[in-house]
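Participant: Generate coordinates for the sequence data below:
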Amino acid sequence: MSLEGDLRELPLASLIEMTALGSKTGLVLLHDHEGAEVGRLVFRDGRLVGASCGSLGPEKSFYALLAVKEGRFRFEPTTEIGDEQCNLPTASLLMEGMRRIDELAELRRTLPAPAYARLVEGQARDALESRVLGYLGPGARTIGDIVDGVLVGADADEYDALKAITRLEARGVVAIVRSAAGQAGDGGPPQPELER
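Facilitator: Predicted structure coming up:
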């Protein structure tokens, strides 16, 4: 028998705990308010064996879906779940996911989307930092634009992108201008794109 509900009434974290504790096998489908599918989680005997959300891999998909607070869910118990993408312990994923949600709130506070980042000097130390610097270029861009650009086609989420920006700022590779106005003398607005 399937179970359906609203994520405001039964948060996904609670549904996942029930699935894990009950050693349930089945598929959890998440939908937004318009009915479009946001993602899915697949469980076998209470363990996560599959997850999808956009282009993210299974573990990142789990974290992204855990952050969804509004919409609807449907749990469909089934024994035919197809190929397993992963075999991860649900309890530890849930704890890590909740930690990431808390840390993401702090990252959003310290690196607000309207703030500007500009290149100072230095180099990237990993692939994600390289993506950030590549998208940033020689001018300045908002944190929101950088995060959006970095995430296109990558197996990274907002948490990963903001952590990379934080590392780059800590090493002095980028400077963050947190004023809302983006006035001259404070790093300024992004450089206009060259027109053809």
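Participant: Below-threshold pLDDT in the chain: ranges please.
Facilitator: Scanning the chain for pLDDT under 70 picks out 79, 83, 180-196.
Participant: Could you rerun that using 50?
Facilitator: By pLDDT under 50, the weakly predicted segments of the chain are 181-187, 190-196.
Participant: ok, now how distant is M18 from F43?
Facilitator: Distance, M18 to F43, by Cβ to Cβ, to the nearest Å: 11 Å. Every residue, glycine included, has its C-beta placed from N, CA and C.
Participant: Please enumerate the shared neighbours of the two.
Facilitator: K24 (Cβ atoms under 8 Å, 6 or more residues apart in numbering).
Participant: residues near the residue lying closest to T25 once chain neighbours are set aside, how many?
Facilitator: Sequence neighbours aside, R44 is the residue nearest to T25 in space, at 5.0 Å (criterion: Cβ to Cβ, 6 or more residues apart in numbering). Other residues near R44 come to 16 when the count uses other Cβ atoms under 10 Å.
Participant: hang on, the earlier thing: more neighbours: which of M18 and F43?
Facilitator: Legend: neighbour count by other Cβ under 10 Å for M18 and F43, higher for F43 (24 against 14).
Participant: Note down every partner strand of the helix or strand where that one lies and its orientation.
Facilitator: Under the criterion of DSSP states H and E, F43 resides in strand 37-44. Strand 37-44 pairs in its sheet with strand 26-31 (antiparallel), strand 47-52 (antiparallel), by DSSP bridges.
Participant: ok, and what's touching the first one?
Facilitator: The contact list for strand 26-31, computed with Cβ under 8 Å, 6+ apart, reads 7, 12, 15-16, 19, 37-43, 65, 68, 71-78, 81.
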